[in-house]
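Asker: Below are the sequence and a predicted model; questions follow.
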Amino acid sequence: MAGFKEEFEKIYIRYFNDVFLFLKKLSKDESVAEEITSETFFKAMRSIDTFRGETDVRVWLCQIAKNCYFSYLKKQQRVVDIDAIDDIELSDNKDTIEEQILNRSDAMQIHLRLHNLAEPYKEVFMLRVFGELSFKQIADIFQKTDNWACVTYHRARNKILKQMEDNDEQ
């Protein structure tokens, strides 16, 4: 058990800042990022035996972090902040899909579409946007070329955008 503790401590030290920065960018709130980073590592420690090594540890941790963050958002939706209602702005400008993901109101819609996206589009998109991996890193994971990773990401992005546009037209 001591060996496990030391190994997990190495993972924690090596990846804590990556997970924290990922959550800080996602939530735009340092205290939320700190809270969810702690929860992420707690969940990772409890489920380390299910990690199959098919993806990079950093990607696995960011996936757990993303899931923890969306669980947090679901809980927050049950609580209505009256002051925040006054701050809502309606606009017609089109944000990039990456900016929409960071927008809490659009995030759930994008994730629903992403959930139904076929592989490898789904994983490539998630690695690029949520894992913040370069096309080279994604290519290495899939044992493909950088160009393949780039093209696959853009196709996934376009599929999500098209689904969102189709939904807006209905």
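Answerer: The structure has been received and is ready for your questions. On a predicted model such as this, the values are computed, not experimentally measured, just so you know.
Asker: hey, let's count contacts and neighbours off CA atoms from now on
Answerer: Fine.
Asker: Which secondary structure element of the protein has the lowest mean pLDDT?
Answerer: helix 82-87 (a mean of 42; mean pLDDT, DSSP states H and E).
Asker: Pull out the buried residues from stretch 117-124.
Answerer: For stretch 117-124, the neighbour count (16 or more other CA atoms under 10 Å) marks Leu117, Tyr121, Lys122, Glu123, Val124 as buried.
Asker: pretty sure the second one contacts Ala149?
Answerer: No - when contacts are counted by CA atoms under 8 Å, Tyr121 is not listed as touching Ala149 (9.4 Å).
Asker: Output the longest helix belonging to this structure.
Answerer: The single longest helix within the chain, with elements called by DSSP state H, is helix 2-27.
Asker: which strands and helices sit next to that helix?
Answerer: Here helix 2-27 touches helix 30-46, helix 57-77, helix 97-102, going by 3 or more CA pairs under 8 Å, 6 or more residues apart in numbering; DSSP states H and E.
Asker: Adding mean pLDDT, distance to Lys159 and mean neighbour count, write those helices out as JSON lines.
Answerer: Listed next are these as JSON lines, based on pLDDT from 0 to 100; distance: least, CA to CA, whole Å; neighbours: other CA atoms under 10 Å:
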{"stretch": "helix 30-46", "mean pLDDT": "88", "distance to Lys159": "30", "mean neighbour count": "17"}
{"stretch": "helix 57-77", "mean pLDDT": "84", "distance to Lys159": "21", "mean neighbour count": "17"}
{"stretch": "helix 97-102", "mean pLDDT": "53", "distance to Lys159": "11", "mean neighbour count": "16"}
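Asker: Against Lys122, how distant is Ile110?
Answerer: The spacing between Ile110 and Lys122, counted by CA to CA, to the nearest Å, is 11 Å.
Asker: what about the residue nearest the centre of the chain, distance to Asp49?
Answerer: Most central in the chain under CA atoms, centre = their mean is Phe130, positioned 3.4 Å from the mean C-alpha point. Distance from Phe130 to Asp49, counting by CA to CA: 23 Å.
Asker: ok, now Glu123?
Answerer: Shown here: Glu123 relative to Asp49, a distance of 22 Å by CA to CA.
Asker: tell me which residues of stretch 13-33 are tucked away?
Answerer: By neighbour count on 16+ other CA under 10 Å, the buried set for stretch 13-33 is 15-16, 18-24, 26-27, 32-33.
Asker: quick one on the thing from earlier: can you add distance to Glu6 and give the helices and strands packed on helix 2-27 back as TSV?
Answerer: Below are these laid out as TSV (distance: least, CA to CA, whole Å):
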stretch	distance to Glu6
helix 30-46	12
helix 57-77	16
helix 97-102	35
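Asker: Before I go, just wanted to say thanks for your time.
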